[in-house]
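**Q** what follows is a predicted structure for the sequence shown.
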Amino acid sequence: VRPPIDGSVTLVTGASSGIGEALARALAPRVGTLVLVARRAERLERLAAELADGGGKPRVAVAACDLGDRRATDDMLSRVRSEHGAVDVLVNNAGFGDFGCFDHSDWDKVARMIELNVVAVTHLTHRVAPAMVAKGRGGILMISSGFGLTVLPGFAAYAATKHFVSGLSEALRMELAPAGVVVTQVCPGPVATEFEQHVGNFTGRRPQRIVEISAERCARAALAAFERGRALVVPGTAMKLLMLLAALSPRGVMRVACGPAASWLRREQERARAALREPAG
Ligand SMILES: NC(=O)c1ccc[n+]([C@@H]2O[C@H](COP(=O)([O-])OP(=O)(O)OC[C@H]3O[C@@H](n4cnc5c(N)ncnc54)[C@H](OP(=O)(O)O)[C@@H]3O)[C@@H](O)[C@H]2O)c1
């Protein structure tokens, strides 16, 4: 089964930056109507104007929406359906992360993350899947994460949201394949986007730069796998190898191997908190 990309109504969430923007740019020349979703309307308008001027002349629609708001999402989907028809391809990409010891985390941020990464993804999929099944064709591209397949200290709640996305993707793929709908999950490692600005790295270290790839490379790998109807893709060679190593390592070994990182993280977190408490100067 292949996703019906050419001439389709394709909706991309989180199209205002990073991987979503790169996916929108790569999809634009192929699709019939491209619907760009995120909160920052002016960014989407700018991208829409640029894409409409490019080759292929797709119809590009801006649907600014806070996906953390169920009612706003329902209204947005109803508008898209009445103006452009049923969504043939859904790219569930919008999401953000949180870093640090879970006991130090900000509950409001964790709750917003679960709302976007878990509830919004499930809600959108639940709203568009029935029309795809009725037509006997469709595609759902899920941007999960390497954290959908493994865990590291410092990313407990984020990894849990991505485990949800990976579990949902894998099971939906089985359910929807007989109805002609492709579900592909993408499990990237570090990608150079605005993700890092939101994740809250207080350590001043960026070990991830060794395996980091560009948003464009991530999008290319994601779409190549989606087009082939693949179940899962890990973009980037180094990340593929790391994920293979993690998959082959028994959980007990991973727990022991991650012990020093967890202790280091807690020390860094306490240091960052102490620095915040100290009076300036
Ligand atoms: N970058 C990485 O290292 C990495 C690695 C693995 C997986 N991922 C996953 O890749 C996906 C895309 O992230 P990215 O790296 O491209 O980060 P990004 O540059 O920060 O993009 C996130 C996108 O999500 C949108 N978004 C955030 N909150 C939203 C809300 N409430 N409603 C609607 N849209 C919202 C943002 O747009 P607005 O702010 O305009 O709403 C933005 O377009 C995420 O699911 C992330 O978990 C990223």
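**A** Structure received.

**Q** can we go C-alpha only for contacts and neighbour counts from here?
**A** OK.

**Q** could you list the low-confidence segments of the protein?
**A** Under the criterion pLDDT under 70, the flagged ranges of the chain are 54-57, 279-281.

**Q** so where's the longest helix in it?
**A** Taking residue count as the measure and DSSP state H as the definition, the longest helix of the chain comes out as helix 251-277.

**Q** mind checking how far that helix is from the chain centre?
**A** 26 Å (C-alpha atoms, centre = their mean, to the nearest Å).

**Q** what do you get for stretch 217-229?
**A** Relative to where its chain is centred, stretch 217-229 has its mean C-alpha point 14 Å off (C-alpha atoms, centre = their mean).

**Q** so which residues of the stretch 1-150 of the chain form strands?
**A** With strands called from DSSP state E, counting those that start in this stretch, the stretch 1-150 of the chain shows them at 9-13, 33-37, 59-62, 89-92, 138-143.

**Q** how about the residues of the stretch 1-150 of the chain by the ligand?
**A** Taking C-alpha under 6 Å from any ligand atom, the part of the stretch 1-150 of the chain that reaches the ligand is made up of 14-20, 38-40, 65-68, 93-97, 143-145.

**Q** could you measure from Val60 over to the ligand?
**A** With the distance defined as C-alpha to the nearest ligand atom, to the nearest Å, Val60 ends up 16 Å from the ligand.

**Q** buried ones in the longest helix of the chain?
**A** Ala262, Leu265, Arg266, Glu268, Gln269 (16 or more other C-alpha atoms under 10 Å).

**Q** overlap between the residues you listed and the residues near the ligand?
**A** The overlap between those and the neighbourhood of the ligand (criterion: C-alpha under 6 Å from any ligand atom) is empty.

**Q** tell me the one among these nearest to the ligand.
**A** Comparing these against the ligand with C-alpha to the nearest ligand atom places Leu265 closest, at 18.8 Å.

**Q** and that closest one, what does it touch?
**A** Each residue near Leu265 by C-alpha atoms under 8 Å, 6 or more residues apart in numbering is listed here: Gly100, Cys101, Pro153, Gly154.

**Q** just Ala120 next, same as before
**A** Neighbouring residues of Ala120 by C-alpha under 8 Å, 6+ apart: Leu67, Gly68, Arg70.
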